[in-house]
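Chemist: any chance you can model this:
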Amino acid sequence: GKKIGVQRGSIHDRFAKEVLAPKGATIVPYGTQNEIYLDIGAGRLDGTVADATLLEDGFLKTDAGKGYAFVGPSFTDVKYFGDGVGIAVRKGDDANRERINAAIDAIRANGEYKKIQDKYFNFDIYGPDAQ
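Modeler: Here you go, the predicted structure:
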């Protein structure tokens, strides 16, 4: 019975329409996430489904986002959200890809990644199932 705003044409739009709408949610598509924030603040929406990092910095850490928080489970269905995010490198540029992977592995192993993450986020940005 909740009214949920989603950015039109996004993976969150598809997920909300296919998963949340059949459970009774009213899905309201918007052109931008900022329009959704305005309608949440005005009381026209009960919530939104969007990328956690976008919501954290774009809304929850702003004055408009005070009094709001993440609720419910994280949505991680690979069918809708894929298998994580990536860093783009030139096709065939194995040397750079390997250097980036090694650097990420190194800062995760020595704790630097966690320190940086904890400074900017209040959730695991690498993902709970990441290796």
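Chemist: Asp77: what's it in contact with?
Modeler: Asp77 is in contact with Phe15, Val19, counting by C-beta atoms under 8 Å, 6 or more residues apart in numbering. The way it works is simple: take the backbone N, C-alpha and C, and place the C-beta from them, glycine included.
Chemist: oh, I was asking about Ser10
Modeler: For Ser10, the contact set (C-beta under 8 Å, 6+ apart) comprises Ala50.
Chemist: ok, the closest residue in space to Leu54 that isn't next to it in sequence to Leu45 distance?
Modeler: Setting aside the residues directly before and after it, Leu54 is nearest to Gln33 in space (C-beta to C-beta, 6 or more residues apart in numbering), at 6.4 Å. For Gln33, the distance to Leu45 equals 12 Å [C-beta to C-beta, to the nearest Å].
Chemist: likewise for Thr62?
Modeler: Thr62 sits 16 Å away from Leu45, taking C-beta to C-beta as the criterion.
Chemist: most centrally placed residue in the chain?
Modeler: Nearest residue to the geometric centre of the chain (C-alpha atoms, centre = their mean): Asp51, 1.8 Å.
Chemist: skipping its backbone neighbours, what lies nearest it in space?
Modeler: For Asp51, the closest residue by C-beta to C-beta, 6+ apart turns out to be His12, at 7.7 Å.
Chemist: for the helix or strand hosting the one you found, C-alpha coordinates in CSV please.
Modeler: Element membership for His12, per DSSP states H and E: helix 11-15. C-alpha atoms of helix 11-15 as CSV (Å, rounded to 0.1, in the frame of the first residue of the first chain):
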residue,chain,number,x,y,z
ILE,A,11,16.8,-0.8,-13.3
HIS,A,12,14.9,0.3,-10.2
ASP,A,13,11.9,1.2,-12.2
ARG,A,14,11.8,-2.3,-13.7
PHE,A,15,12.3,-3.9,-10.3
